[in-house]
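> Got a predicted structure here, sequence first:
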Amino acid sequence: MQIDTSESQAWFPSRIPTKGLKLVNQKEWPEWYTWLEICAKTRGIWELVNPDAPTAPNPFLKSRVPTIDKLIESMQAKQDALYQMNLELWEEAGPEYQRNHTKPVPIQITKEEVTAQHKRLRTESAAQITITSNVLMSYRELQTYVDETVHISLRQLAAQAMLQEEDGHTIQNLVRFLRSHLAPTPTSLASQARH
C-alpha cells in the first residue's frame, strides 16, 4: 500500500478542530463522518480509515526484516517442500517418465544467495519507516479527533467488538462499527422523509 504523505502536511494544523461535534447517535453521524473523511483525506491517510476499503494494516504494528539466518531458514523450508513434492511426483510418474527425466535433487540455500534479497528488504523497510513516521503523526491527530468527538459509551462498545479483530483497535475498524450502528439505512431515511 502506497501512502501519500506529501499533501498538506506542512500547512494543516496538527490538532484537528472538532467544530463542537460530538457523535452520540444517528443524528450526528452524517456531519461527523463527513468531517472525519475530509480530515483524513487532507492528511493523506484516508485509505487507512475508509470503511469501504480493504482492511488496512494497523500503522502501529511494525513489520520487521528477518535476520539473514531466519531468511535462509524460511527459504530452505520452502525449497525442501518443493523438492519433496517434485520427488514424489517423479516417483509416482513411473519408469518411462523416470528414464526421460532427471530425478530431482535437493537444493541447499546459501548465505550468498540470500544476502541480496536481505539487503533489498532492509532498504524497503527503511523507506517504510520514513513513510510511517509521517503517517503515524497524522493518524495520531485523527485518533485524538475521534477520541474527543465520539461519545465514550460508543467507544467502549466498539472496543469490545474490536477485541476479535486481528489488527485490533484501528480507526477503520471503529468507523466500520459506528457506521453499522449509527449510519442511516435506506429504511430509516424513508421513515424520516415521511415525518
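Received the coordinates, thanks.
> Tell me the pLDDT of the most centrally placed residue in the chain.
For the chain, the residue sitting closest to the mean C-alpha position, by CA atoms, centre = their mean, is residue 57 at 1.4 Å. Turning to residue 57, the model gives it a pLDDT of 77.
> What of residue 123?
We have a pLDDT of 74 for residue 123.
> separation between the residue lying closest to residue 49 once chain neighbours are set aside and residue 83?
Closest residue to residue 49 apart from its sequence neighbours, by CB to CB, 6 or more residues apart in numbering: residue 40 at 4.5 Å. Where C-beta positions appear, they are placed from N, C-alpha and C, glycine not excepted. Remark: distance between residue 40 and residue 83 (CB to CB, to the nearest Å) = 48 Å.
> Just want to know which of those two has more residues nearby.
Taking other CB atoms under 10 Å, residue 40 and residue 83 do not tie; residue 40 has more neighbours (24 against 14).
> so what's that one up against?
Applying CB atoms under 8 Å, 6 or more residues apart in numbering to residue 40 gives the contacts 46, 48-50, 142.
> Just give me the closest of those residues to residue 157.
Nearest to residue 157 among the contacts of residue 40 is residue 49, at 18.9 Å by CB to CB.
> Tell me how many other residues crowd that closest one.
Neighbourhood size, residue 49 [other CB under 10 Å]: 24.
> Verify the stated contact: it with residue 176.
No: look at residue 49 against residue 176 with CB atoms under 8 Å: they stay out of range, at 10.0 Å.
> rewinding a little: using CSV, list the CA coordinates for the strand or helix carrying the residue nearest to residue 49.
Using DSSP states H and E, residue 40 sits within helix 29-42. Taking C-alpha atoms only, helix 29-42 is exported to CSV below (Å, rounded to 0.1, in the frame of the first residue of the first chain):
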residue,chain,number,x,y,z
TRP,A,29,-23.4,10.7,12.1
PRO,A,30,-23.5,12.4,8.6
GLU,A,31,-21.7,15.5,9.8
TRP,A,32,-19.2,13.7,11.9
TYR,A,33,-18.4,11.2,9.2
THR,A,34,-18.0,13.9,6.6
TRP,A,35,-15.6,15.8,8.8
LEU,A,36,-13.6,12.7,9.5
GLU,A,37,-13.3,11.9,5.8
ILE,A,38,-12.2,15.5,5.0
CYS,A,39,-9.6,15.4,7.7
ALA,A,40,-8.3,12.0,6.7
LYS,A,41,-8.1,12.9,3.0
THR,A,42,-6.3,16.2,3.6
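> Flag every buried residue along it.
Within helix 29-42, the residues scored as buried using 16 or more other CB atoms under 10 Å are 29, 32-33, 35-36, 39-40, 42.
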